[in-house]
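Any chance you can model this:
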Amino acid sequence: MKKLLLLPFAILFTASVLAQVNTGEEAPGFTYTSLENEEVSLSDFDGKVVYIFFYGAGCPHCLDNGPITEEDIYQPFMDDTNFVALGLDTWNLSVSANQSFRSETGISYTLLLNARQSLEDYYGNTSSYDRSVVISKEGNVVYKGTGFVDTDTDQVIAVIEEELSKTITSAEPVDEFPDRISLAQNYPNPFNPSTTISYSLNKPSQVSLKIYNMLGAEIATLVNERQPAGEKTVSWNALSSSGSTLPSGLYIYQLKTGKQVLTKKMMLIK
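The predicted structure is shown next:
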């Protein structure tokens, strides 16, 4: 008789543990109060790529990895209007605990309180915190981390870049996008003291454009930011770049976008 009474309970308990969303499925919605005491819903960001950091405000490794979500994941994409980041406190701790968490981690994006239910909805348990999830602009889970944030940061960034590359706005018609990343020869070349460097991006990317001498020493950083797709132009004045007079000779300018690196030479003459 006892077995008959316990069996339904066991079945229900197992089902609740296993209930979770899988990659490719619609992201479970939620509405929580932010640290600033504002009501925030996932549906507020329909049409945007959403990054979620599931954390515990009193979790030691979440404190260690919080700065990674801010500096490596949020900041490179923060100027893209099609991107948003949210932190969900799955430990359901107090406002003061979350304020301390923000202060210690330096996180500047929105933190939501009492969000343990979402951890159950996404992971089927209450122990899978310090995880990253990415939601597409269509509202589907496109990435669901299985380890701590510091173990899959590169994968998360790659997924966000891929999803943002699919997001085309009316201000950026698809037929105006270059079909590849390219770096043009500077003009004029040789030059003294200023020259112009042009390059093309076929999708929104984190961009680095730097000048080096022939020994490999960095002379100047011209660009270090996330940029939308399109044609770009940057000017460089060799006399004012380093605060001192640069010698005549060959210099290298290098464009980095994600894993792609393009390099060309130019000549400064006096």
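
Run through who's touching the helix or strand harbouring Val207.
Element membership for Val207 (DSSP states H and E) is strand 205-213. Surrounding strand 205-213, the residues in contact under the criterion CB atoms under 8 Å, 6 or more residues apart in numbering are 76, 161, 181, 197, 199, 201, 218-227, 229, 232, 234, 236, 241, 249, 251-258. Where C-beta positions appear, they are placed from N, C-alpha and C, glycine not excepted.

For the buried ones among these, write the corresponding PyMOL selection.
If you want just the buried ones from the contacts of strand 205-213 in PyMOL, going by 16 or more other CB atoms under 10 Å, the selection is:
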select buried, resi 76+161+181+197+199+201+219+220+222+226+227+229+232+234+236+241+251+253+255+256+257
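
For the helix or strand immediately after the strand holding Val207 in the chain, name the packing helices and strands.
Counting by DSSP H and E, the next helix or strand C-terminal to strand 205-213 is strand 218-227. Judged by 3 or more CB pairs under 8 Å, 6 or more residues apart in numbering; DSSP states H and E, strand 218-227 is in contact with strand 205-213, strand 230-237.

Packed most tightly, which of the ones you listed would that be?
strand 205-213 (a mean of 18; mean count of other CB atoms under 10 Å).

That one to strand 218-227, inter-axis angle?
Relative orientation of strand 205-213 and strand 218-227, computed by axes from the mean of the first three to the mean of the last three CA atoms, to 10 degrees: 170 degrees.

Next, the angle strand 230-237 makes with strand 205-213.
30 degrees.

avg pLDDT for the strand holding Val207?
Mean pLDDT, strand 205-213: 93.

Tell me how far the residue nearest the centre of the chain lies from Ser96.
Centroid-nearest residue in the chain, with CA atoms, centre = their mean: Ile73, separated by 3.3 Å. For Ile73, the distance to Ser96 (CB to CB, to the nearest Å) stands at 26 Å.

for Val261, same thing?
In terms of CB to CB, Val261 sits 46 Å off from Ser96.

more crowded one of those two?
Val261 (12 against 9; other CB atoms under 10 Å).

My read is that the more buried one contacts Tyr253, right?
No - between Val261 and Tyr253 there is no contact under CB atoms under 8 Å: 11.6 Å.

what residues are up against the closest residue to Leu88 other than its chain neighbours?
Nearest residue to Leu88 in three dimensions, chain neighbours excluded: Ala115, at 3.6 Å (CB to CB, 6 or more residues apart in numbering). Taking CB under 8 Å, 6+ apart, we find Ala115 in contact with Phe30, Tyr32, Phe54, Leu88, Asp89, Thr90, Asn92.
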